[in-house]
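>>> just a sequence and a predicted model for now, questions to come.
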Amino acid sequence: MPNFAGKTDMTAFPRLHPDFFRRDAVTVARELLGRTIVRRFESGEEKRFVIVETEAYLGEDDLACHASKGRTPRTEVMYHEGGKIYVYLIYGMYWMLNFVTGGDGHPQAVLIRGVDKVIGSGRVGRLLQLDKSFYGEDLCASNRLWVEDTPVITTFATAPRVGVDYAKEWKDMEWRFIAND
DNA sequence: CAGCCGATCCTT
DNA sequence: AGGATCGGCTGG
């Protein structure tokens, strides 16, 4: 059982308010460091994972963002108000976990690249046992995946995002956030 | 409709 | 260095 600042009662940490996600993806990505993903499995077992690495994808202009392809069935949820889950399959094997951010009509998302137990976006999806049924899930209403308002980590490094060399000038934006050890 | 390839990871 | 594995996007 994790223990934050002497607290042992995990119910003391509420879910993040929807307004938390209704800001720009870069700010949300930074402030997600230290927050806790809670995954309740079908067995009823609940596991917690502290976010330690994120990346921001910021709108249609950002060539690294899937929304740069426009509004499609795949990108639809990114156009919704922040606070929903965007998952997609990559390389036919890995479900990537993203949280939609920003306001209605402003397609943005934050990719969860690492948690305390596992680093790597593909590994995170596997650890959380994600699948396409999580697409569009509301973080504020879900009974199987949500985020708790645990203390933010304010010491971190920034870096360019991974695997987006094709994104012209956008590839150099330091929108990857990595919590210090 | 065919072909390509990705916000990846694991094994050789 | 290459394989797994598949849905979305592109071009004809």
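That came in fine, so what should we check first? Residues are numbered from 1 along each chain as shown, chains lettered A, B, ... in the order given.
>>> how many neighbours does residue A:90 have?
Residues lying near residue A:90 (other CB atoms under 10 Å) number 12. Where you see a C-beta, it was placed from the backbone N, CA and C, and this is true even at glycine.
>>> any idea how far residue A:134 is from the residue of chain A found nearest DNA strand C?
Closest approach between chain A and DNA strand C, counting by CB to the nearest atom of the strand: residue A:92, at 2.8 Å. Using CB to CB, to the nearest Å, one gets 17 Å for the distance from residue A:92 to residue A:134.
>>> same drill for those two, tell me which one is more crowded.
residue A:134 (19 against 5).
>>> my read: that one touches residue A:99, true?
No - checked against CB atoms under 8 Å, the pair residue A:134 and residue A:99 is beyond contact range at 11.2 Å.
>>> where along chain A do the strands fall?
Using DSSP state E, the strands found in chain A span residues A:36-40, A:46-58, A:85-90, A:94-101, A:108-115, A:145-148, A:156-159, A:176-179.
>>> look up the closest residue to residue A:105, ignoring the ones flanking it.
Counting by CB to CB, 6 or more residues apart in numbering, residue A:79 is the residue found nearest to residue A:105 once chain neighbours are left out, at 5.9 Å.
>>> contacts only, for the residue lying closest to residue A:143 once chain neighbours are set aside.
Spatial nearest neighbour of residue A:143, excluding adjacent residues (CB to CB, 6+ apart): residue A:40 at 6.3 Å. Shown in contact with residue A:40 (CB atoms under 8 Å, 6 or more residues apart in numbering): A:46, A:143, A:144, A:145.
>>> next, see if stretch A:148-163 gets close to DNA strand C.
No - residues of stretch A:148-163 contacting DNA strand C under CB under 7 Å from any atom of the strand: none, with a closest distance of 12.5 Å.
>>> just checking that stretch against DNA strand B, any contact.
Yes - against DNA strand B, stretch A:148-163 shows contacts by CB under 7 Å from any atom of the strand at A:161, A:162, A:163.
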